[in-house]
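> 3D, please:
(2 chains)
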Amino acid sequence: MSSAGDVRVDVQGLRIVLSGGSADVVDDVSFQVRSGELLGLVGESGSGKTTVALALLGHVRRGLEVAAGRVLVGDTDMVKAPEQQLQRLRGGEVVYIPQDPASALNPALRVGTQLKDVLQAHRQVAAAKRLGDPKARLQQTLEEVGLGGMPRLFKAYPHQLSGGQQQRVVLAMAFALRPSVIVLDEPTTALDVTTQRHVLDTVRSLCSAYGVAAVYISHDLAVVGSLASTLTVMYAGKVVESGATAAVFGRPAHPYTRRLLRAIPSPERAEVLEGIEGQPPHPTRRPRGCDFAPRCLLAVPACSDGPIPVVSLPGGRLVRCLRTELTAGPDIRDPLEISASQPEDQDAQLRVSGLSARYGPTEVLSDITLTVGRDQCVALVGESGSGKTTLARCLVGLHASWSGQAQFRGQDLPRSAQQRRPQVLQAIQYIFQNPYTALNPRKTIGQIIDKPLRHFYPSLSRSERDERVTRVLSDVALGPDFWSRYPDQLSGGERQRVAIARALVVSPDLLVCDEITSALDVSVQATIVELLRRLQAERHLSLLFITHNLALVRSIAQTVTVLSQGKVVEHGPVKRVFERPENPYTVRLMEDVPKVVTGEQQPRLPAP
Amino acid sequence: MATAPDVTTAVLPARRRQGWAAILRRAASLPRGRFGLGVLGFVVAVAVVGPFVAPHSPTASIVAPFSTPSSQAILGGDVLGRDVLSRVLDGGWVLLAMAAAATALGVALGTASGIAAGYLQGRPDGIIMRTVDVLLAFPQLVFALLLVSILGPTVWLTILAVGLSHAPQVARVMRSATLDVSERDFVKASELLGVKRRRIMAGEILPNLVSPLMVEIGLRLTYSIVIIAGLSFLGFGQPPPAPNWGIMINENRQGLVLNPWAVVVPAILIALLTIGASTFTDAVARVTIGIDRETTTAALPTLAAGEEP
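So this is what the prediction gives:
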């Protein structure tokens, strides 16, 4: 994409603080986007990326206020513009594409009504821009987003469309007004890889066709990398690194960027993931110097002394780091590969054959066959709706309407948990997807972990139980001071560790992990996955690891089973399935996985 | 070197320690909470301390019927020439105790059946909720009146009647709050351990209903006061010689022109009691909205809609 276009978005020194306080949520954020350019704004949760995105529309969430800086969109400073002018600009000049298309569309109105409403609301803008006949323009845009061939689209209600179609409708609404700036806030997070790829392709072609300046916000570096020409990496409310995508991925110069890239699993190799220990500082307790210093391996005392200046590196790159002389060079260390040499045939812990499950009259799983051996990690992958969570729920006994055979250590598993013997309930432990609802908010961490212990081992004394709880807490890398905390004082990653500890404390044989990292940041995901891998080896656990993230499978599992629409479409060793997929569905799935492309000959991950 | 916070132990600010005490404390710190608590405290103080400081016996006739205030009887005399001040001071605590007991009974019964209906679902849910629907078809006062007229006007039966009339409303609120909580994974985690349902309801679900429960208690207390005072006024409370604010309004209204104090003072006290209780409950509700949206959403629409007793 050309860098010759005019500057459409110009953010300078933006600082947004908590109202009535000085704690900054976003500080000293500056970037420019030219027409036809797509800027990726990358950061983990709490980095302030959405706050910046909303500022581009002149919106600041309740409880926050802009303390300094300007946000120029075209010639207008969105920070100072009156509400009336903002209203005119929003939707016409600068548009916002939210994360969840389902909640962006009104479920009570037909899609056609909503599309026409948007055109109607901005007809003056359209007239001023001489966009011509709205009907023809809408038709054209619908064709461009890939909805042209849907005759019944206008009459449909949003719930009758798939997630991908909904997001396309939202895109059509946005592009029909031919805006000059578009802000995309993780628009594909809720979508499957295949749909995601199609939507991303649409976004890319529309942006270049209309010379739109786009800001794409995401925590998923692989997605951003495949799309954006320039990257801005945020950490704790500040821009830590920015530059051309290939350069940032190829030679990341900020320690945070380096560590972040190392945390991303690759579908190409089985490698040890390196998470980032600790968590970003809360806005009210940011350190005086570099925000990343407490977690940084390269930190020196000077890093904590005061504000860190932005250093300019060759190639137009900006880095907020004191140690660029160390990080400016090329990467040095290869990631550790995992030698996946698990013997195939072991005594099976779990053997499933001909399992079919239904929800009411609908069959969601049919004729599933699956074996999990001792010490083995089997990954179960599939898109949403493929039935993978239902299978997990059948196996642990939460979903009782299934038929077929499931044997655990040679014995038939009763349908529901209520019918199972305590020994079986203890031996199969389930870890829930969402760590935010899996822990009772009214109980301390100590009580939460103690509960299964007390239930299965009533003969243990208080001190014996306490000792086991302390031990399992240290196994999941949580200090004993977590004992008396409540779940709401923990971060998502810490909560998930507690959930793992709760499962491990009763010494299970089989651990069923249902998308346990999908609610977590990538750097946290890496630590959780490594933790599981270590615990699996130490405790001789069998793992059934359910995920939609194919790259993650490569890092943790030995065998993979691919589910599609309730059926097993492919099964085999991870290496074989990833390198030589046989089923066309698997082939497509593998192709659609976004990968981190570093722009250099050989993709290499950097050293911290 | 500047002090870099230890990131691994950096705790998110403790937004909610959701104990009863904490919610009450925060509610009391709101302006409306302080007002409600003050008013409530005043009336409770009158009711509790009153019997000990009353100048005369509440049942002794000492002045002429409906005589105006004098040095003998500061608030004048009532229908039988008894001292109004003494009767006011003596007539509060029974009303308060009855209201509290009826509330406790109604909330306990309603909560138990509401949680059972919401968690067990299926048949138990159907049976409990259809019963509740039938009971809700009667206006609460009429229902209580019906029970009292069948059971008879003794103190305990009045409490029973009022308590029972609360239960269906409490059950409905608690059921919807339970539906929300029992969908969460930590309840499923307990089921996977093979924990008995009864214990899941008491140990996992109930502690997460603290906020709606507190709002219900306050709300039902207010209604209890109104209903018990109303029953007394209608002659279904304690038998006549007893001093009771509700009864006082009834027996003295024929002398309203002669000595208005005999009616106005008990009426004001009842009004203050309900205003105090409901204002404080409102403060509690406001605190709990902020504290845990997740658990209380189910309970709040009822309150916001200003449900009639």
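
> Pull the contacting residues for residue 96.
Going with chain A. Neighbouring residues of A:Tyr96 by C-beta atoms under 8 Å, 6 or more residues apart in numbering or on different chains: A:53-54, A:57, A:90, A:174, A:182-183, A:185. Glycine gets a C-beta too; all of them are placed from N, C-alpha and C.

> Oops, wrong one, chain B.
B:44, B:47-48, B:225, B:273.

> and what of A:Gln349?
By C-beta under 8 Å, 6+ apart, the neighbours of A:Gln349 are A:372-374, A:376, A:408-409, A:509-510, A:542.

> how would you label it: helix, strand or coil?
Following DSSP: H, G, I helix; E, B strand; the rest coil, A:Gln349 is assigned to strand.

> Which of the contacts of A:Tyr96 fall in helices?
The helices, defined by DSSP state H, take in A:53-54, A:174 from the contacts of A:Tyr96.

> Can you tell me which of those is nearest A:Val505?
A:Ala53 (41.6 Å; C-beta to C-beta).

> And for the closest one, the neighbour number?
Per other C-beta atoms under 10 Å in any protein chain shown, the neighbour tally for A:Ala53 reads 21.

> again, but for the one 5 residues further on
Residues lying near A:Gly58 (other C-beta under 10 Å) number 23.

> so what's the closest residue to it other than its chain neighbours up against?
In this structure, A:Gly58 finds its nearest non-sequential neighbour in A:Met78, 3.6 Å apart by C-beta to C-beta, 6 or more residues apart in numbering or on different chains. Applying C-beta under 8 Å, 6+ apart to A:Met78 gives the contacts A:55-58, A:71-72, A:86, A:89, A:94.

> one more time with 10 Å
A:9, A:11, A:54-60, A:66, A:70-72, A:85-86, A:89-90, A:94, A:181 (C-beta atoms under 10 Å, 6 or more residues apart in numbering or on different chains).

> quick one: it from A:Ile217, how far?
16 Å (C-beta to C-beta, to the nearest Å).

> Same question for A:Ser19.
23 Å.

> which stretches of chain B have low pLDDT?
B:1-18, B:290-309 (pLDDT under 70).

> in the longest helix along it, what's buried?
Secondary structure of chain B per DSSP H: the longest helix is helix B:261-291. By 16 or more other C-beta atoms under 10 Å in any protein chain shown, the buried positions in helix B:261-291 come out as B:261-263, B:265-267, B:269-270, B:273-289, B:291.

> what about the nearest residue to A:Gln167 once chain neighbours are set aside, distance to A:Gln279?
Counting by C-beta to C-beta, 6+ apart, A:Pro101 is the residue found nearest to A:Gln167 once chain neighbours are left out, at 4.1 Å. Per C-beta to C-beta, A:Pro101 is found 30 Å from A:Gln279.

> Go ahead and confirm the residue nearest to A:Gln167 touches A:Gly163.
Yes. When contacts are counted by C-beta atoms under 10 Å, A:Pro101 is listed as touching A:Gly163 (6.5 Å).

> Would you mind telling me which of those two has more residues around it?
Using other C-beta under 10 Å, the more surrounded residue of A:Pro101 and A:Gly163 is A:Pro101, with 25 against 19.

> Return the residues in contact with the more buried one.
Taking C-beta under 10 Å, 6+ apart as the test, what A:Pro101 contacts is A:158, A:161-171, A:187-188, A:190-191, A:199.

> what's the angle between the one helix or strand B:Arg25 maps to and helix B:261-291?
Using DSSP states H and E, B:Arg25 sits within helix B:20-29. Comparing the axes of helix B:20-29 and helix B:261-291 via axes from the mean of the first three to the mean of the last three C-alpha atoms, to 10 degrees yields an angle of 120 degrees.

> tell me which residues in helix B:20-29 are buried?
Buried, per 16+ other C-beta under 10 Å, within helix B:20-29: B:23-24, B:26-28.

> Helices along the stretch 451-600 of chain A, start to end?
Per DSSP state H, counting those that start in this stretch, the stretch 451-600 of chain A carries helices over the ranges A:462-475, A:492-504, A:522-539, A:550-556, A:574-579, A:584-592.
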